[in-house]
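**Student:** quick one: sequence and predicted model below, then my questions.
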Amino acid sequence: MKIVDLDGYAANPGDLSWDRLKEFGELTVYPRTSADKVVERAHDADIILVNKVRITDGIMAQLPKLRYIGVLATGYNVVDIQSAKKRGIIVTNIPAYSTDSVAQMTFAHILNVFNKIDHYAQQTRSGRWSSNPDFCYWDTPLQELAGKTLGIIGLGNIGCKVAQIARDFGMDVFAFTSKNSADLPTGIQKTTFEGLLSVSDVLSLHCPLSESTRHIINEDSISKMRQGAVLVNTGRGPLVDETAVAEALKQGKLRAYCADVMEEEPPRKDNPLFSQPNAFITPHIAWATTEARQRLMDLCVSNIKAFVSGNPINVVNP
């Protein structure tokens, strides 16, 4: 059996081991693969592994031996799963491997806004504290999270974990979710989308990307948010209209925009958010802790083992 990973660098830039995959057959790992090289590199593969490389119907038509596509992520929109199903190709994903990591990044962003850690650390390095006449100083508002309201859009594994942490901080938690109120964890109140916008001091996005959620945060929805609210996006970049968010930051409608994802990745240098000092953007790394990537690798092995044994798991095109 031949296994080809077409873009292995992001999940494993060299600090983890691929060796466990070798027990299933011949393994080839490419750090990155451009679209014009996919067929050439995967032509004889029984199994291909991908993260961001797109696998279309046209590509599958040129891979006669292909029987399994393993997406090394939770989202699997890079694969035409309906075409894969028609061709008898199993597609699997890696669910819930990064829940703790993404929830942690969500609050790293929130705490940076409320406590201004980066601001004060930079000033200390520049000598501001050393020359201060008093034992301490602050030149920004400092606020507690306790008593503030966190709104969450999407209550999957990550949304629920974020809600749990928020409750531990003493925040009130509201959610816009398809789940029934009776099925929500203790301390989370279900509300409408408009209701969530109106009550949230911090609004955090954790829903999947679909046609109904694309640009769910736009000029209209921002106008219904609280003045000075903080918007956090560790879900998917296209959940927000970045031009509208940049304008809301410029006008002071939003206090801050915290994001680990963008509509286009890598982003253009002239993205309007980059000129806004209250846009805090990290380069899609919430999922990338060592622990989360090791879980991803372990689950990848489990998925392939189950496929080889004839009982595939985490199948997204049953």
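**Tutor:** Perfect, I can see it now. Numbers count the residues shown, from 1 in each chain.

**Student:** domains of the protein?
**Tutor:** 2-97+290-309, 99-281 (the TED database).

**Student:** show me where this protein has its helices.
**Tutor:** Under the criterion DSSP state H, the chain contains helices at 38-42, 57-60, 81-86, 99-115, 117-125, 157-168, 193-199, 219-223, 242-251, 290-308.

**Student:** what sits up against the third one?
**Tutor:** Pointing back at helix 81-86 there. Outside helix 81-86, the residues within contact range by C-beta atoms under 8 Å, 6 or more residues apart in numbering are 55-57, 60, 69, 90-91, 316-317. Any C-beta I mention is one placed from the backbone N, CA and C, and that applies to glycine too.

**Student:** hmm, back to that, save the domains of the chain as TSV, and put in mean neighbour count and mean pLDDT too.
**Tutor:** Formatted as TSV, these follow (neighbours: other C-beta atoms under 10 Å; pLDDT from 0 to 100):
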stretch	mean neighbour count	mean pLDDT
domain 2-97+290-309	18	97
domain 99-281	17	97
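
**Student:** adding distance to P283, write the helices of the chain out as CSV.
**Tutor:** Below are these laid out as CSV (distance: least, C-beta to C-beta, whole Å):
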stretch, distance to P283
helix 38-42, 24
helix 57-60, 28
helix 81-86, 28
helix 99-115, 11
helix 117-125, 15
helix 157-168, 19
helix 193-199, 28
helix 219-223, 24
helix 242-251, 15
helix 290-308, 15
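
**Student:** between these, which one is nearest to P13?
**Tutor:** Closest to P13 of the helices of the chain is helix 290-308 (C-beta to C-beta; 9.2 Å).

**Student:** tell me how far the closest one lies from the chain's centre.
**Tutor:** Centroid displacement of helix 290-308 relative to its chain, using C-alpha atoms, centre = their mean, to the nearest Å, is 19 Å.

**Student:** got the angle between it and helix 99-115?
**Tutor:** 150 degrees (axes from the mean of the first three to the mean of the last three C-alpha atoms, to 10 degrees).

**Student:** remind me what helix 290-308 packs against, helices and strands.
**Tutor:** Where contact means 3 or more C-beta pairs under 8 Å, 6 or more residues apart in numbering; DSSP states H and E, helix 290-308 is packed against strand 47-50, strand 68-71, strand 90-92, helix 99-115.
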